[in-house]
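> This is the structure alone, sequence omitted:
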């Protein structure tokens with residue numbers, strides 16, 4: 001049976017405030033009281049995704065520093081409009097798929113008292129969860 005794959009750019013996506021909704025959802029979910037099978041597989045998946053996220057973020061930050069200029073207030077970088085296309089082209093070279101340590105078709109139970117918002121990004125990205133009852 002084939003391993004489940006997920007797009008790097010989906011897992012590592014950040015919103016305009018710099019938050020990574022998928023990774024935050026994964027971290028929040030893992031802190032909940034989970035069924036044993038769900039706990040086991042989420043921990044295995046998380047180990048792979050956290051590593052990929054860290055490496056992707058390091059590469060993205062290097063690109064921001066390469067194509068951007070430091071803000072005068074010392075709060076980050078700004079990429080000039082004429083460099084955005086080059087930045088985006090380089091960022092696109094980081095795309096690909098991550099093979100997860102779980103077989104396609106495996107279904108995990110959500111916690112009985114789980115909050116939908118905590119699971120939204122996981123459920124819409126990974127097809128590994130049973131439908132809520």
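Received it, and whenever you're ready, just let me know what you need. Given the structure is predicted, the values throughout are model-derived calculations rather than measurements.
> so what's residue 47 up against?
For residue 47, the contacting residues are residue 101, by Cβ atoms under 8 Å, 6 or more residues apart in numbering. Where you see a C-beta, it was placed from the backbone N, CA and C, and this is true even at glycine.
> Now name the helix or strand holding it.
helix 36-67 (DSSP states H and E).
> helices and strands around the next helix or strand after that helix, which ones?
As assigned by DSSP H and E, the chain's next helix or strand after helix 36-67 is strand 68-70. In terms of contacts (3 or more Cβ pairs under 8 Å, 6 or more residues apart in numbering; DSSP states H and E), strand 68-70 is packed against strand 77-79.
> So what's the gap between the helix or strand following the strand it packs on and the chain middle?
Downstream of strand 77-79, the first helix or strand assigned by DSSP H and E is helix 81-92. On the basis of Cα atoms, centre = their mean, to the nearest Å, helix 81-92 sits 21 Å off its chain's mean C-alpha point.
> so what's the spatially closest residue to residue 15 that is not a sequence neighbour up against?
Nearest residue to residue 15, sequence neighbours excluded (Cβ to Cβ, 6 or more residues apart in numbering): residue 21, at 6.2 Å. The neighbourhood of residue 21, defined by Cβ under 8 Å, 6+ apart, consists of 13, 15, 121.
> Give me the below-cutoff pLDDT ranges for this protein.
132-133 (pLDDT under 70).
> biggest strand in it by residues?
strand 97-103 (DSSP state E).
> What helices and strands are in contact with the helix or strand following that one?
Remark: after strand 97-103, the chain's next helix or strand is helix 116-125, criterion DSSP H and E. Helices and strands touching helix 116-125, by 3+ Cβ pairs under 8 Å, 6+ apart, are helix 21-30.
> just the angle between the helix it packs on and helix 36-67, please?
Angle, helix 21-30 to helix 36-67, by axes from the mean of the first three to the mean of the last three Cα atoms, to 10 degrees: 150 degrees.
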